[in-house]
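Asker: need a 3D model of the following:
(one chain, ligands or ions: 1)
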Amino acid sequence: LRDAQRERLERLLPDLEITTPDIGATLDPGTLFGARVTQPLWLEVGFGAGEHLIWQAETNRDVNFIGCEPFLNGVARVVTGIDEGALDNIKIFPDDARIILSALPDQSVDRAFILFPDPWPKLRHQKRRLIGPATLTHFARILTDGAELRIATDYSNYKDWILHYVLASEKFEWTARRPVDWRERPTDWPATRYEAKADAAGRACAYFRFKRRQRQG
Ligand SMILES: C[S@@+](CC[C@H](N)C(=O)[O-])C[C@H]1O[C@@H](n2cnc3c(N)ncnc32)[C@H](O)[C@@H]1O
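Answerer: Below you'll find the model as predicted:
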């Protein structure tokens, strides 16, 4: 980090930061957003430089956001964006998503985004992929009935992997009816920096939207 970034981060992050909960502890989103507690909650995991998170928070002022990203440069950018936009609807979890996924209560999140998770292309590294049975069990648990789970990737093997694991969980339904429904980015889904790199390299992106099925009984 440059000195100016570090100074901004140290000044602004304490008010925005969600501190890492103890193992096994529950994180009550109600304690994070004060009077805004009754608003819907959306979660973005691995927000990178944060342009998608900032756009969503500016566009949906009545929604609360938790952004999760362990990469400090990204956190510094988002903190600056929040300050410049005077946004009061974002909290930052600057740590591993798996921690906050375990800590959030059942049915507490109304939409989740995982945009271009690291693809880990080598076969022996695929077990490091963020999307898999363990994280999907948590997403199924924390998402409300009918909530949307949005996942993007530009890596063809990861497209198949995502569809395989999400649909195997049976808690999610794929909303696409035609190829265009997942090959084209919807208008309420701005492009990210990583996506711009994929485009420049000629890699086609998938924009998956899954719906959390209704719970039975
Ligand atoms: C390929 S980048 C994509 C960033 C951004 N979403 C975009 O589209 O430009 C993947 C991001 O996921 C973050 N990431 C990796 N593992 C993570 C984890 N366990 N929890 C949260 N974020 C993670 C990385 O730090 C990185 O910023």
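Asker: ok, which stretches of the protein are strands?
Answerer: Here the chain has its strands, by DSSP state E, at 41-45, 64-68, 90-93, 109-115, 143-153, 172-174, 206-212.
Asker: the longest one and the ligand in contact?
Answerer: No: judged by C-beta under 6 Å from any ligand atom, strand 143-153 makes no contact with the ligand; its nearest approach is 7.0 Å. To be clear about C-beta, it is placed using only N, CA and C from the backbone, and glycine gets the same treatment.
Asker: lowest average confidence across helices and strands of the chain, where is it?
Answerer: Counting by mean pLDDT, DSSP states H and E, the chain has its least confident helix or strand at helix 3-16, which shows a mean of 91.
Asker: next, the buried residues of that helix.
Answerer: Neighbour counts over helix 3-16 (16 or more other C-beta atoms under 10 Å) mark 5, 8, 9, 12, 13, 16 as buried.
Asker: and the angle for that helix with strand 64-68?
Answerer: 130 degrees (axes from the mean of the first three to the mean of the last three C-alpha atoms, to 10 degrees).
Asker: in JSON lines: the strands of the chain, plus mean neighbour count, distance to residue 29 and mean pLDDT.
Answerer: Converted to JSON lines, the strands of the chain look like this (neighbours: other C-beta atoms under 10 Å; distance: least, C-beta to C-beta, whole Å; pLDDT from 0 to 100):
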{"stretch": "strand 41-45", "mean neighbour count": "25", "distance to residue 29": "5", "mean pLDDT": "98"}
{"stretch": "strand 64-68", "mean neighbour count": "25", "distance to residue 29": "7", "mean pLDDT": "98"}
{"stretch": "strand 90-93", "mean neighbour count": "24", "distance to residue 29": "9", "mean pLDDT": "97"}
{"stretch": "strand 109-115", "mean neighbour count": "22", "distance to residue 29": "8", "mean pLDDT": "98"}
{"stretch": "strand 143-153", "mean neighbour count": "20", "distance to residue 29": "12", "mean pLDDT": "98"}
{"stretch": "strand 172-174", "mean neighbour count": "17", "distance to residue 29": "22", "mean pLDDT": "97"}
{"stretch": "strand 206-212", "mean neighbour count": "20", "distance to residue 29": "17", "mean pLDDT": "98"}
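Asker: great, nothing more from me.
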